[in-house]
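A.B. asks: Structure for the following, please:
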Amino acid sequence: MSQRSNALADRLEQGARALAELAAGLSDVEWHTRLPKDGRKIGVVVHHVGSMYPLEIQLAQVLAEGQPIENVTWDAVNEINAKHAKEFEAVTKAAALEHLERNSTAAAAALRALSDEQLDLAAPVSLYGDAPLTCQFFIEDHAMRHSFHHLAKIRQALAAQSATRVAV
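C.D. replies: Purely as a prediction, here's the structure:
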């Protein structure tokens, strides 16, 4: 295990933990609150983060082998997200938190298995107009960042909801 891959895994786990800690303390009303602009319920988004780890890691492993990521588009990502939102509309907190924990643990283990040489490999990534990106960049921009991104959106939604209740 390289220091870099371990640091990436640690940051992924940090983000997943922060998301799980916030989610665990949500009321039922908060769990079912829809995110502005996004439209998904907070609970669905928590489950979504857990669901994306395997795919994000699989794609990072493609880059870690020096191979391009092909035929992955933002339209495909949006389709996956929409399908997930419908399928898990009623996800329970317990199920979502278990899913997040299991998949973040597996993702972190996969990251720790990467060498510095693999992290440095670059290949075209269709999601970015075939720009040649390193495996490490892809990990940081997807699997590692994902929980932090949604955590910030959830906090914003909860703050807005709280401000609305105070104003009423």
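A.B. asks: In this protein, which residue is most central in space?
C.D. replies: residue 146 (3.2 Å; CA atoms, centre = their mean).
A.B. asks: So it is in contact with residue 49, correct?
C.D. replies: Yes - between residue 146 and residue 49 there is a contact under CB atoms under 8 Å: 5.5 Å. (Glycine included, C-beta is placed from N, CA and C.)
A.B. asks: where in this structure is pLDDT low?
C.D. replies: 163-168 (pLDDT under 70).
A.B. asks: Please repeat the previous calculation with a cut-off of 90.
C.D. replies: 1, 160-168 (pLDDT under 90).
A.B. asks: which stretches of it form strands?
C.D. replies: Using DSSP state E, the strands of the chain run over 122-125, 131-134.
A.B. asks: Need the winner for burial among those strands.
C.D. replies: The highest mean neighbour count among the strands of the chain, using mean count of other CB atoms under 10 Å, belongs to strand 122-125: a mean of 18.
A.B. asks: which strands and helices sit next to it?
C.D. replies: Here strand 122-125 touches helix 42-64, strand 131-134, going by 3 or more CB pairs under 8 Å, 6 or more residues apart in numbering; DSSP states H and E.
A.B. asks: Now residue 153. Nearest residue, chain neighbours left out?
C.D. replies: Computed as CB to CB, 6 or more residues apart in numbering, the closest residue to residue 153 that is not its neighbour in sequence is residue 35, at 5.7 Å.
A.B. asks: Is that neighbour in contact with residue 152, as I believe?
C.D. replies: No - between residue 35 and residue 152 there is no contact under CB under 8 Å: 10.9 Å.
A.B. asks: For the residue nearest to residue 153, which residues are in contact?
C.D. replies: Counting by CB atoms under 8 Å, 6 or more residues apart in numbering, residue 35 touches 41, 42, 45, 153, 154, 157.
A.B. asks: How about the last one: what's its closest non-neighbour residue?
C.D. replies: By that I understand residue 157. Here the nearest residue to residue 157 in space, its sequence neighbours aside, is residue 35; by CB to CB, 6+ apart that works out to 5.0 Å.
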